[in-house]
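> coords please:
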Amino acid sequence: MGMICKLFIVPATAARQVLDDPAKVHELLESLMGSGAGLSLEKSWHGLHFVLTGTAWEGVSPLSFLATGGATVGDEDIGYGPARILDPDGVAELDKALGAISDAEFARRFIPAALSKAEIYPEIWDDPLESLLAEYKSYFQEMKEHVHRAAQTGQALLVAIT
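Prediction:
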């Protein structure tokens, strides 16, 4: 199966409630499944993080949101650690930062040899460049649109790696 990252658009009130009572994150995630509020980045999340930040696990906010950004939802393990929440202000900041990255800039940053050297999951970087780049650009565009939708509606974003 592997490590899958999902991004859920959640109302700011629900985000605050989960941060106040982290045990509720499981109930919230269950309610969000199949609701249309989520976007699955599948296994592309770590490669996207690297392309956005140039690092395997760190990076500067807001572009580091896939691996480290947002407020941690207690210590409730949802698969690979706790979920994280970006509040509406954080989502707006992320939307602006993602919007500044063009497809051409994304392609310039997408270097399979660097992804391989950094041991970026899922370590498929020997596949043909054209197909890898097309796949990752597609996930990048979907992610940008999802974050933009959350920003436009003043909502929070829940990042879950399961």
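
> sec struct for residue 160, please.
Here residue 160 takes the strand state, with states given by DSSP: H, G, I helix; E, B strand; the rest coil.

> dump the residue contacts of the residue nearest the centre of the chain.
Closest to where the C-alpha atoms of the chain average out (C-alpha atoms, centre = their mean) is residue 66, at 3.7 Å. Residues counted as contacts of residue 66 (C-beta atoms under 8 Å, 6 or more residues apart in numbering) are 5, 41, 45, 46, 48, 49, 52, 159. The way it works is simple: take the backbone N, C-alpha and C, and place the C-beta from them, glycine included.

> any idea how far the first one lies from residue 126?
When C-beta to C-beta, to the nearest Å is the yardstick, residue 5 and residue 126 sit 22 Å from each other.

> quick one: which of the two has more around it?
residue 5 (24 against 10; other C-beta atoms under 10 Å).

> who's the more buried one bridged to?
residue 42, residue 161 (DSSP bridges).

> show me the contacts for the closest residue to residue 45 other than its chain neighbours.
Among residues not flanking residue 45 along the chain, residue 5 sits closest, at 3.3 Å (C-beta to C-beta, 6 or more residues apart in numbering). By C-beta under 8 Å, 6+ apart, the residues touching residue 5 are 40, 41, 42, 44, 45, 66, 159, 160, 161.

> hmm, 7 Å instead?
By C-beta atoms under 7 Å, 6 or more residues apart in numbering, the residues touching residue 5 are 41, 45, 66, 159, 161.

> could you dump those into CSV and include pLDDT?
Compiled in CSV, those are given as follows (pLDDT from 0 to 100):
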residue, pLDDT
41, 98
45, 98
66, 97
159, 98
161, 96
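
> sorry, back to before: what pLDDT does the model give the residue nearest to residue 45?
pLDDT, residue 5: 97.

> bridged to residue 156, which residues?
residue 10.

> quick check: longest helix of this protein.
helix 129-152 (DSSP state H).

> could you export that helix as CSV, CA atoms only?
The C-alpha coordinates for helix 129-152 follow below in CSV (Å, rounded to 0.1, in the frame of the first residue of the first chain):
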residue,chain,number,x,y,z
LEU,A,129,11.5,11.6,-17.2
GLU,A,130,8.6,12.5,-19.4
SER,A,131,6.1,10.2,-17.7
LEU,A,132,7.4,11.1,-14.2
LEU,A,133,7.2,14.8,-14.9
ALA,A,134,3.7,14.5,-16.4
GLU,A,135,2.5,12.6,-13.4
TYR,A,136,4.0,14.9,-10.8
LYS,A,137,2.9,18.1,-12.7
SER,A,138,-0.7,16.7,-12.7
TYR,A,139,-0.6,16.1,-8.9
PHE,A,140,0.9,19.6,-8.5
GLN,A,141,-1.9,21.2,-10.5
GLU,A,142,-4.6,19.3,-8.5
MET,A,143,-2.9,20.3,-5.3
LYS,A,144,-2.8,24.0,-6.3
GLU,A,145,-6.5,23.9,-7.3
HIS,A,146,-7.5,22.2,-4.0
VAL,A,147,-5.5,24.7,-1.9
HIS,A,148,-6.9,27.6,-3.9
ARG,A,149,-10.5,26.3,-3.3
ALA,A,150,-9.8,26.2,0.4
ALA,A,151,-8.3,29.7,0.4
GLN,A,152,-11.1,31.2,-1.6
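
> thanks a lot, see you next time.
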